[in-house]
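**Student:** no sequence on this one, just coordinates:
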């Protein structure tokens with residue numbers, strides 16, 4: 001969606017959307033928006049990297065780094081409000097990226113499986129999200145790449161299943177966070193790098209698979225919640241390795 005078109009829709013939607021700030025949207029800890037960047041690459045086929053070296057012990061405690069806050073953000077929103085919004089957006093990103101109901105294989109996925117990601121969005125962005133989800137579930141690789149910017153799904157492929165023992169997701173890390181004022185929308189821009197490892201098994205052998213994202217969210221901070229105007233970024237799924 002062109003920025004100019006979305007900006008005009010944002011202006012029309014703000015009168016209604018800002019009223020929602022007084023009631024926090026249900027954000028399982030996460031949610032999405034439209035991107036003006038080029039589509040993310042299609043998911044990489046699952047490949048087992050044969051190596052005798054075993055991986056290090058994992059951590060079950062997510063690391064969330066402190067953001068670098070620009071002076072204009074401090075002046076406009078204050079550090080406390082900016083950090084509160086950052087933490088909430090990060091929680092949203094983590095929850096929507098690795099929702100186990102979506103990550104586990106299903107015979108058929110429905111649009112409702114992705115509804116939680118759209119709840120914090122302003123109406124034009126939510127409409128865009130729903131359109132991409134619908135296209136992805138009908139087989140569009142380009143739409144599927146766009147959806148994975150916010151929500152991975154169907155990660156049990158090629159005979160791999162999530163581990164029945166211990167945590168399925170480990171070593172979550174959020175860093176390189178920067179908070180600035182977005183030049184296109186003139187609202188808070190949150191840029192982060194996110195990574196984690198999935199724990200999988202196949203034929204009773206344990207493996208781990210890395211996933212990662214570099215994301216930028218443009219949001220409207222509210223007193224108790226926030227609204228998502230736009231999201232953009234890239235994602236990757238790495239090779240499976242012996243645990």
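**Tutor:** Looks like it came in fine. Just so you know, these numbers come straight off a predicted model, no measurement behind them.
**Student:** Could you use CA atoms for every contact and neighbour count after this?
**Tutor:** Fine.
**Student:** Return the set of buried residues in stretch 113-133.
**Tutor:** For stretch 113-133, a neighbour-count test (16 or more other C-alpha atoms under 10 Å) marks 114, 116-126, 128-130, 132-133 as buried.
**Student:** what's the following helix or strand after the longest strand along the chain?
**Tutor:** Criterion DSSP state E: the longest strand present in the chain is strand 205-221. Following strand 205-221 in sequence order, the next helix or strand is strand 226-237 (DSSP states H and E).
**Student:** Quickly run through the sheet partners of the next helix or strand after that following strand, with directions.
**Tutor:** Sequence-wise, the next helix or strand downstream of strand 226-237 (DSSP H and E) is strand 240-242. Looking at strand 240-242 with DSSP bridges, its partner strands are strand 48-49 (parallel), strand 205-221 (antiparallel).
**Student:** Distance from strand 240-242 to the middle of the chain?
**Tutor:** Strand 240-242 sits 23 Å away from the centroid of its parent chain (C-alpha atoms, centre = their mean, to the nearest Å).
**Student:** pLDDT averaged over that strand - what is it?
**Tutor:** Per-region confidence: strand 240-242 scores 93 on mean pLDDT.
**Student:** Kindly report the same for stretch 70-86.
**Tutor:** On average, stretch 70-86 scores 97.
**Student:** can you list the residues that contact that stretch?
**Tutor:** Contacts to stretch 70-86, defined as C-alpha atoms under 8 Å, 6 or more residues apart in numbering, come from residues 67, 69, 178-181, 188, 190, 221, 223, 225-226.
**Student:** picking up where we left off before, how about a markdown table for the strands paired with strand 240-242, with distance to residue 237 added?
**Tutor:** Below are these laid out as a markdown table (distance: least, C-alpha to C-alpha, whole Å):
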| stretch | distance to residue 237 |
| --- | --- |
| strand 48-49 | 13 |
| strand 205-221 | 5 |
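**Student:** tell me the most buried of these?
**Tutor:** Among the strands paired with strand 240-242, ranked by average contacts under mean count of other C-alpha atoms under 10 Å, first place goes to strand 205-221 (a mean of 21).
**Student:** tilt between it and strand 226-237?
**Tutor:** Here the directions of strand 205-221 and strand 226-237 differ by 150 degrees (axes from the mean of the first three to the mean of the last three C-alpha atoms, to 10 degrees).
**Student:** what's the spacing between strand 205-221 and its chain's center?
**Tutor:** With C-alpha atoms, centre = their mean, you get 6 Å for strand 205-221.
**Student:** returning to what we had before: the strands paired with strand 240-242: which one's closest to residue 146?
**Tutor:** Nearest to residue 146 among the strands paired with strand 240-242 is strand 205-221 (12.1 Å), distances taken as C-alpha to C-alpha.
**Student:** average pLDDT for that closest one?
**Tutor:** For strand 205-221, the mean per-residue pLDDT is 97.
**Student:** Now do the host helix or strand of residue 144, average pLDDT.
**Tutor:** According to DSSP H and E, residue 144 maps onto helix 141-147. Per-residue pLDDT over helix 141-147 has a mean of 96.
**Student:** That helix - contacts with which helices or strands?
**Tutor:** Applying 3 or more C-alpha pairs under 8 Å, 6 or more residues apart in numbering; DSSP states H and E, one finds that helix 141-147 contacts helix 123-137.
**Student:** Strands of the chain, residue ranges please.
**Tutor:** For the chain, applying DSSP E gives strands covering 48-49, 63-64, 68-69, 161-162, 169-181, 188-202, 205-221, 226-237, 240-242.
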